[in-house]
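Undergrad: Got a predicted model here, sequence first, then my questions.
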Amino acid sequence: MADVKVILARNMKAARERLGYSQAKLADLAGVSTPFIGEIEIGRKSPSLENVANIAEALDMEIYQLFLEEEPEALVDRQVLLTKLRKELEGKLVEDIEAVFKKYRK
């Protein structure tokens with residue numbers, strides 16, 4: 001099994017770069033310091049679970065996606081696909097719930 005800190009660092013950096021975010025922008029969105037983001041990306045620091053959740057949210061990802069053991073290119077493709085799928089399913093769920101409410105309000 002690969003080192004979890006290395007996997008997190010690689011995936012976080014790949015996602016950040018995919019979005020065109022600087023470390024400072026990601027830090028601001030995640031509510032942490034820029035040096036802390038840098039330390040995570042080089043594998044020197046391990047974020048708390050709360051910080052992992054905040055970083056994932058800032059990167060528009062699910063937490064588990066930060067820990068997938070895939071090559072960076074394949075991971076980015078999968079992250080994009082999963083994020084789009086999640087948003088599409090969430091939208092469809094909201095539409096379906098609204099349709100059911102309308103049906104029973106009549």
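TA: Structure's in. What do you need? These numbers come from a predicted model, not from an experiment.

Undergrad: what about the most centrally placed residue in the chain, distance to residue 83?
TA: Nearest residue to the geometric centre of the chain (CA atoms, centre = their mean): residue 61, 2.2 Å. Distance from residue 61 to residue 83, counting by CB to CB, to the nearest Å: 6 Å. The C-beta positions use only the backbone N, C-alpha and C, and glycine is treated the same way.

Undergrad: Overlap in contacts, the two.
TA: Between them, residue 61 and residue 83 share no contacting residue under CB atoms under 8 Å, 6 or more residues apart in numbering.

Undergrad: any idea how far residue 52 is from residue 4?
TA: Taking CB to CB, one finds residue 52 at 11 Å from residue 4.

Undergrad: more crowded one of the two?
TA: Counted by other CB atoms under 10 Å, residue 52 and residue 4 do not tie: residue 52 has more neighbours, with 18 against 13.

Undergrad: from memory the more buried one sits against residue 66, does it?
TA: Yes - with contact defined as CB atoms under 8 Å, residue 52 reaches residue 66; the gap is 6.6 Å.

Undergrad: Overlap in contacts, the two.
TA: With CB under 8 Å, 6+ apart as the test, residue 52 and residue 66 both reach residue 8.

Undergrad: residues contacting residue 4?
TA: residue 67.

Undergrad: Name the nearest residue to residue 51, sequence neighbours excluded.
TA: Nearest residue to residue 51, sequence neighbours excluded (CB to CB, 6 or more residues apart in numbering): residue 32, at 5.9 Å.
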